[in-house]
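K.L.:
Predicted model follows, preceded by the sequence.
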Amino acid sequence: MKIAVLGSTGRTGRLLVTQALGRGHQVTAVARTPDRLADLAADNLRTVRADVGDPATVLAAVDGADVVISALGITRSQDPRVLGDGAALVAGAAPRVVWLGSLGLGATTGALGSLNGLLLKRLLRHEWDAKAVADRAVLDAGGTLVHAGPLTDRPYRGRGTLVPAQGLKPRLVPPTAPRAGIAALMLDEAEHPRHPASTAVALFPRRR
């Protein structure tokens with residue numbers, strides 16, 4: 001399978017690249033600074049410089065991909081519209097999209113309860129509206145949203161799952177998610193679509 005990874009130099013995006021390579025896929029790592037992936041060398045890896053601010057570069061980067069997987073994120077110094085613009089651009093060009101979002105924002109607003117929802121909106125006000133725009137663009141194009149709680153670097157034990165967001169009961173404590181597990185579940189969804197045009201929540205067993 002030909003897979004393009006957005007946000008490939010981030011902590012989660014890099015795991016998506018390495019895991020996809022390990023599964024034998026043809027991988028295009030898309031980034032504003034692809035030199036940060038110079039230490040990764042594989043016959044099935046291609047790195048491409050692209051920026052959402054230059055739509056032509058993004059369209060060229062994902063051209064020919066069977067699926068685009070996005071771990072795209074922003075910093076407080078970036079214009080949050082990058083998320084919505086990027087989602088709309090990619091969703092309109094790619095055959096399939098698997099997009100990483102945040103539990104409690106966008107398509108899962110309210111999943112953490114009303115009080116936590118208000119606190120989260122205040123904490124992430126910089127990107128709150130942009131997340132909702134990105135989610136809607138992906139869903140409208142028939143893509144899959146994967147929403148996760150706070151990401152961690154703890155080891156992944158291989159017992160994560162994606163569950164439909166519909167009917168998810170509000171949680172007072174956001175469930176954490178190992179980055180390696182998120183990468184694995186997003187690749188599983190890319191290989192065997194089970195949640196097209198819908199939002200799935202990544203859940204993992206609690207640590208003991």
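P.N.:
Noted; the coordinates are in hand.

K.L.:
Can you give me the neighbour number for residue 8?
P.N.:
32 (other Cβ atoms under 10 Å). Quick note: C-beta positions are derived from backbone N, CA and C, even for glycine.

K.L.:
Check whether it really touches residue 35, as I assumed.
P.N.:
No. Taking contacts as Cβ atoms under 8 Å, residue 8 lies outside contact range of residue 35: 11.9 Å.

K.L.:
For the chain, just list every one of the strands.
P.N.:
2-6, 26-31, 45-49, 67-70, 97-102, 144-148, 151-152, 161-164, 177-178, 198-203 (DSSP state E).

K.L.:
can you list these in CSV and add mean pLDDT?
P.N.:
Below are these laid out as CSV (pLDDT from 0 to 100):
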stretch, mean pLDDT
strand 2-6, 97
strand 26-31, 97
strand 45-49, 96
strand 67-70, 97
strand 97-102, 94
strand 144-148, 95
strand 151-152, 94
strand 161-164, 95
strand 177-178, 96
strand 198-203, 95
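
K.L.:
Select, out of those, the one closest to residue 137.
P.N.:
Nearest to residue 137 among the strands of the chain is strand 97-102 (8.7 Å), distances taken as Cβ to Cβ.

K.L.:
What lies in contact with that closest one?
P.N.:
With contacts defined as Cβ atoms under 8 Å, 6 or more residues apart in numbering, strand 97-102 is touched by 12, 67-72, 87, 90-91, 107-108, 124, 131, 134-135, 138, 141, 143-148, 182, 186, 189-190, 199.
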